[in-house]
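Participant: Requesting a structural model of the entry that follows:
(one chain, ligands or ions: 3)
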Amino acid sequence: MEKKHWLNRSGLRIHPGHVVSLCFVVVLLFSSLLTWREVAVLEDSYVSTQRNRLESVSHTMDMQLQFNMDRLMFLRNGVQAALQIPLELESMRHARQQFQRQRQQEVWSIQPGNRHSLNLNGVSDDFVAHAADLNRDDAFLNNELTAALELGYLLHLSSSASSIERRTQYVSRAGFFVSTDSADSQDILSHYAALIAEPWFYTQSARDNRGRGIRWYTEQGKESRIQVITASIPLDLQERWYGVLAMDVDVSALQRLLVEAVGGQREGMYQLYDSQLRWLASSVGKAILSDEERQQILQAAALENRGGLLAEGRYISWQKLKNFDGLVLHIHTLREGIRGDFGSIIIALAILWLVFTSILILSWIVIRRMVSNMIAMQQSLEWRAWYDTLTRLPNRGALFDRAAEAVAECEQRQLPLCVIQLDLDHFKGINDRYGHQAGDRVLSHVGSLIGSVLRETDVAGRVGGEEFCIVLPNTTRAKAYQVAERIRSRIYHKELLVRKNTTLRVSASLGVSCTDESGRYDFEYLQSVADGRLYLAKQNGRNRTYAEG
Ligand code: GH3
Ligand code: MG
Ligand code: MG
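Facilitator: Residues are numbered from 1 along each chain as shown. Ligands and ions are numbered 1, 2, ... in the order given. Sure thing, here's the model as predicted:
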């Protein structure tokens, strides 16, 4: 009778080893999940720290740029006011007269009478008449000339060496300009022709710039590096486009602004790009964006004002500026990140996870081994409880149990059942002559011989020292006699080597009893009848089978 060693609850068969493994896997999963969550939270806070740093740099830059944008707006509003109500000064009238005298000349220049204003430089009526975007309409010209002179005052008085602007100009569609850079007065014709060919001038028509606000223009110079960027705003009054106010800003000045804004922050590199993601300035070093990163940021910047991406071992966060048509980037390599606080926490977490996982795996191996040892021990104990270790046949208790089951079943189905009792002949003598060990070998040999003769449904067991009992369900007495005889003959004819050069022949006496004699389905009764016949066999010479008497 083999009992299962499985845990058997609510119909589920679960191997204890599997339960242990499952528990360890769950613990490992949970610990990994927790570590992963921790890393994700850390990563979020790392990203937000980087963004906050970038935001503070962008904000500082925006504040600086705001001043210049406000100045451009202030100049535009001033010129608009002057267009509406022009100052009627003697010097203005004089300048207008000068213009009327010179307007046919290829180039002309009007110098106001004092040194507090800037020159008006212009081209001929003929030039204006032949250029597409230009228009010299006398009805508006006087006011515009006066306003441009007033602008000259404003520009002259408000120029500041610390400002980031290199030059501010007003370029009129009526064929003249005012510039804070006096060098522009030297070759008026080619300078003006160049001005009206600039995108920041010709894309400021009402159709091209519907918002009429400030726009930034970056122009790639002859060298690959951009030197100057231009903020320009159209000048309109009563739906008439007079010209364009433009402020050139040196990229080196923006670089200065960026470095000032970055201040003492040493982690990573800050960079300034225009809206097309052309590099303008860096806090340290040069541009290092790959084409792929450039594409990714351009796509994201079309939808968002700020963002970040992890690429090629570095984290890039970016933010659009409010007062400049461009972005500030913060590039932080993972190596720098690892050297920082976040890196050390993540490394500590990874080491913790590794140590924990190793301990877990080690204890899993130990516990699994313990569990399988326990199961093997339990199996062996269970087997020993039901089997005889020498003959490997069921022991007395197991045989009685199984015999009772077989008897009950045959009784229920009214089938014949036979019992054979077997006792080895002169076994004491074998022990005495060849030793106890040889006797044991004989017992083991006889056990396997009996087992080899029986059917699946038959039960054989060792019921005493050298006594065996065999239960044959659904078997008639005649058939049982044949089986008993076969067993007896096999035992007798199979010689056994007990020592070197010494073989031994054993014999057994057998008694057979059967239910078809008395009709009694009672195992103890059947066994006692078989025992009686075994006794007869012993008395009548041994090595024989008795099935009656
Ligand atoms: P008989 O033909 O009348 O049966 O003679 P016998 O010598 O076999 O007599 P009996 O059945 O009384 O003797 C049984 C002997 O079997 C006694 C004991 O020494 C021996 N024996 C019982 N169990 C074991 C065992 O496990 N190992 C060994 N070697 N001998 C055993
Ligand atoms: Mg005996
Ligand atoms: Mg005996």
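Participant: what about Ala408, how many residues close to it?
Facilitator: When neighbours are counted by other C-beta atoms under 10 Å, Ala408 registers 12. All C-beta spots, glycine's among them, are computed from the backbone N, C-alpha and C.
Participant: pLDDT wise, what is the closest residue in space to it that isn't next to it in sequence at?
Facilitator: Spatial nearest neighbour of Ala408, chain neighbours left out: Tyr521 (7.5 Å); criterion: C-beta to C-beta, 6 or more residues apart in numbering. Note on Tyr521: pLDDT of 97.
Participant: Tyr521 in helix, strand or coil?
Facilitator: Under DSSP: H, G, I helix; E, B strand; the rest coil, Tyr521 falls in the coil class.
Participant: right, and it touches Glu411 too?
Facilitator: Yes: counting by C-beta atoms under 8 Å, Tyr521 touches Glu411, with 3.8 Å between them.
Participant: Mind listing the shared neighbours of those two?
Facilitator: Counting by C-beta atoms under 8 Å, 6 or more residues apart in numbering, the residues touching both Tyr521 and Glu411 are Thr515.
Participant: and the two? which has more neighbours close in?
Facilitator: When neighbours are counted by other C-beta under 10 Å, Tyr521 and Glu411 differ, and Tyr521 comes out ahead with 19 against 15.
Participant: and the more buried one, how far is that from Glu466?
Facilitator: Separation of Tyr521 from Glu466 (C-beta to C-beta, to the nearest Å): 28 Å.
Participant: do the same with Val228
Facilitator: The value you get for Val228 to Glu466, if C-beta to C-beta is used, is 117 Å.
Participant: Could you list the paired strands of the helix or strand Ala281 falls within along with their orientation?
Facilitator: Using DSSP states H and E, Ala281 sits within strand 279-282. When pairing is defined by DSSP bridges, strand 279-282 lines up against strand 269-274 (antiparallel).
Participant: so where's the stretch 301-450 of the chain shaky on pLDDT?
Facilitator: Within the stretch 301-450 of the chain, no stretch falls below the threshold (pLDDT under 70).
Participant: What residues does it have near ligand 1?
Facilitator: 423-429, 431, 436, 439-440, 443 (C-beta under 6 Å from any ligand atom).
Participant: Include neighbour count, secondary structure and distance to Glu150 when you put those into CSV, please.
Facilitator: Below are those laid out as CSV (neighbours: other C-beta atoms under 10 Å; DSSP: H, G, I helix; E, B strand; the rest coil; distance: C-beta to C-beta, whole Å):
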residue, neighbour count, secondary structure, distance to Glu150
Asp423, 21, strand, 140
Leu424, 21, strand, 139
Asp425, 19, coil, 144
His426, 12, coil, 145
Phe427, 18, helix, 140
Lys428, 11, helix, 143
Gly429, 10, helix, 145
Asn431, 17, helix, 139
His436, 10, helix, 134
Gly439, 22, helix, 135
Asp440, 13, helix, 130
Leu443, 21, helix, 131
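Participant: who's in contact with the closest residue to Gln84 other than its chain neighbours?
Facilitator: Closest residue to Gln84 apart from its sequence neighbours, by C-beta to C-beta, 6+ apart: Leu237 at 6.8 Å. Leu237 makes contacts with 80, 83-84, as judged by C-beta under 8 Å, 6+ apart.
Participant: From the structure, what's the count of residues near Asp531?
Facilitator: Applying other C-beta under 10 Å, we find 17 residues neighbouring Asp531.
Participant: shouldn't Leu349 be in contact with Ala40?
Facilitator: No: using C-beta under 8 Å, Leu349 is not in contact with Ala40, being 11.2 Å away.
Participant: More neighbours: those two, which one.
Facilitator: Taking neighbours as other C-beta under 10 Å, Leu349 and Ala40 compare with Leu349 leading, 16 against 10.
Participant: Which of the helices and strands in this protein ranks last by mean pLDDT?
Facilitator: For the chain, counting by mean pLDDT, DSSP states H and E, strand 7-9 ranks last in confidence among helices and strands (a mean of 46).
Participant: the more surrounded of Val228 and Glu466?
Facilitator: Each of Val228 and Glu466 has its neighbours counted (other C-beta under 10 Å); Glu466 has more, 20 against 16.
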